[in-house]
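Asks: Provided below for reference: sequence and predicted model.
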Amino acid sequence: MTTTGARLKLLLVEDSPADVYLVREVLRSEGLELDIEVANDGESAIRILDRVDDSSAAPLNLLLLDLNIPRQNGNCVLERLRQSPMCGTIPVVMMSSSDSPRDRQRAFDLGVTEYFRKPSSLAEFKKLGTLIRRLCPQDVVA
């Protein structure tokens with residue numbers, strides 16, 4: 001993914017400013033110093049993937065992807081990502097308020113690494129930090 005000492009680049013695709021804030025707080029509280037780029041809809045996320053594939057942007061190391069986003073849902077973004085020559089194999093955490101077995105199965109069929117159901121409390125949301133730490137290379141995060 002990255003070399004020792006480099007910071008991971010995280011693409012966060014999330015349309016809720018409150019959830020973007022929570023993710024940032026979780027990462028901070030876990031001591032995970034990541035370069036975060038935020039896309040608030042699917043089309044913006046796909047444009048970022050296009051930039052990365054055209055080598056005009058730094059490669060991505062991790063994708064946090066909300067399922068229910070406007071202008072191309074999370075599944076469409078995931079399909080596009082898995083076709084990417086530059087970042088098609090990176091870990092993807094699908095975040096959703098949906099606990100539907102169908103939504104979960106569809107995400108795994110498309111190649112999601114983990115499915116994280118968005119909780120209603122900050123304490124439960126902090127479990128996302130543990131999940132991200134597990135997916136990050138040990139030589140990059142303290």
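Replies: Everything's here; your move.
Asks: need the nearest residue in space to residue 98, chain neighbours excluded.
Replies: residue 67 (6.3 Å; Cβ to Cβ, 6 or more residues apart in numbering). Heads up, the C-betas are built off the backbone N, CA and C, glycines and all.
Asks: how close does the one you found sit to residue 112?
Replies: Distance of residue 67 to residue 112, given as Cβ to Cβ, to the nearest Å: 9 Å.
Asks: can you check residue 136 too?
Replies: Residue 136 is 17 Å from residue 112, by Cβ to Cβ.
Asks: any regions of this protein where pLDDT drops low?
Replies: 1-6, 137-142 (pLDDT under 70).
Asks: try it again with 90
Replies: Scanning the chain for pLDDT under 90 picks out the ranges 1-8, 22, 25-34, 55-59, 87, 97-99, 118-142.
Asks: could you look up the SS state of the most centrally placed residue in the chain?
Replies: Nearest to the mean C-alpha position of the chain, by Cα atoms, centre = their mean, lies residue 64 at 1.3 Å. Recorded secondary structure, residue 64: strand (DSSP: H, G, I helix; E, B strand; the rest coil).
Asks: thought it was touching residue 14?
Replies: Yes: Residue 64 is within contact range of residue 14, at 7.2 Å (criterion: Cβ atoms under 8 Å).
Asks: overlap in contacts, these two.
Replies: The contact sets of residue 64 and residue 14 overlap at 23, 95 (Cβ atoms under 8 Å, 6 or more residues apart in numbering).
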